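Undergrad: sequence and computational prediction follow.
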Amino acid sequence: MASCGYNEADMPGAPPISPGGGNAWHMGGHFAYMGIMAALVSRTMTGLGQYVDCSIHEACALTTESAIANYVYRGETLIRQTGRHHAPAEGPRTQFLAKDGVYVCALVAGRLNPKYVLELADLFDAFGFPHDLRDPKYQDPKVIAEATPHIIDGIVAGFIASLPAEDVYHAAQDRGFTWAAVRAPEDLLADAHLQDRGFWKTVEHPELGRSFVYPGEAAIFNGSPWRISRRAPLLGEHNAEILGGELGLSRGALLVLAESGVI
């Protein structure tokens, strides 16, 4: 959380942001998996098994990327940065407000070189946006490095602010730029790419008398198509099938568990 959020310039006094999705559990699971695999390798070599104790808290501490290493070995405290990676000091920004109030994520700093400067110039010229990137001085990498704030915070930011986010996004991607509009989840429902791939799935919820749109698969398999067969089970919905049918508990035992608040 210390590495995730907004930098001070964009949102003074902003709190850290906890990412969603149960990341701590995922990290713990990943390290448990690695521990199991290492134990299996050891068993193959020694013939002996062992007990693996994996701590979720320790897994999280190991997964702070460079934060702990920078502090321990270099005495640096990494700071949060809006829309970009944590770092010891603030780096070039990556998110810019477009004309329609939507943000565009434009990764420019890592690609700034003489060739890319001319490609940026071509993009700006296509929209008649004024700039000075045709100046021969920008064919010197040293000049580009010194002019990075001017190029990013001045020219790129100004160009994006002059157009709607979708226009910027498509024009930039047509040129192979790693730029994209920052969309709200509901805006993705109309995305032509996701629609073309049949990503969104409609799932019935009989208990509510309606259906909901769900995100679908991350990959398309021609031999074993992925599908959502039903909505997630309700709390206790399959107690009888699992506890009674598969585990063999009697109806009386299930009633005792229910009355005791166990299930």
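TA: Ah, there it is. Numbering: from 1, shown residues only.
Undergrad: please enumerate the strands of the stretch 151-263 of the chain.
TA: Taking DSSP state E, counting those that start in this stretch, the strands of the stretch 151-263 of the chain run over residues 179-181, 201-205, 210-214.
Undergrad: got those strands as CSV, with mean neighbour count and mean pLDDT columns?
TA: C-beta coordinates here come from the backbone N, C-alpha and C atoms, glycine included. Below are the strands of the stretch 151-263 of the chain laid out as CSV (neighbours: other Cβ atoms under 10 Å; pLDDT from 0 to 100):
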stretch, mean neighbour count, mean pLDDT
strand 179-181, 20, 95
strand 201-205, 12, 94
strand 210-214, 11, 94
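Undergrad: to residue 35, which of those strands lies closest?
TA: strand 210-214 (33.0 Å; Cβ to Cβ).
Undergrad: the helices in the stretch 51-200 of the chain, which residues?
TA: 56-62, 67-74, 114-126, 141-146, 148-149, 157-161, 165-174, 192-196 (DSSP state H, counting those that start in this stretch).
Undergrad: tell me which of the ones you listed lies nearest to residue 41.
TA: Using Cβ to Cβ, those put helix 56-62 closest to residue 41, at 19.6 Å.
Undergrad: packing partners of that closest one?
TA: helix 23-46 (3 or more Cβ pairs under 8 Å, 6 or more residues apart in numbering; DSSP states H and E).
Undergrad: so what does the helix it packs on touch, helix or strand wise?
TA: Using 3+ Cβ pairs under 8 Å, 6+ apart, helix 23-46 sits against helix 56-62.
Undergrad: flag every buried residue along the helix it packs on.
TA: Applying a neighbour-count criterion of 16 or more other Cβ atoms under 10 Å, one finds 59, 60 buried in helix 56-62.
Undergrad: and it, what's its mean pLDDT?
TA: In this model, helix 56-62 has a mean pLDDT of 88.
Undergrad: got a list of contacts for that helix?
TA: 23, 24, 25, 27, 28, 30, 31, 68 (Cβ atoms under 8 Å, 6 or more residues apart in numbering).
Undergrad: could you do stretch 67-76 as well?
TA: Contacts for stretch 67-76 (Cβ under 8 Å, 6+ apart): 2, 3, 61, 77, 78, 86, 88.
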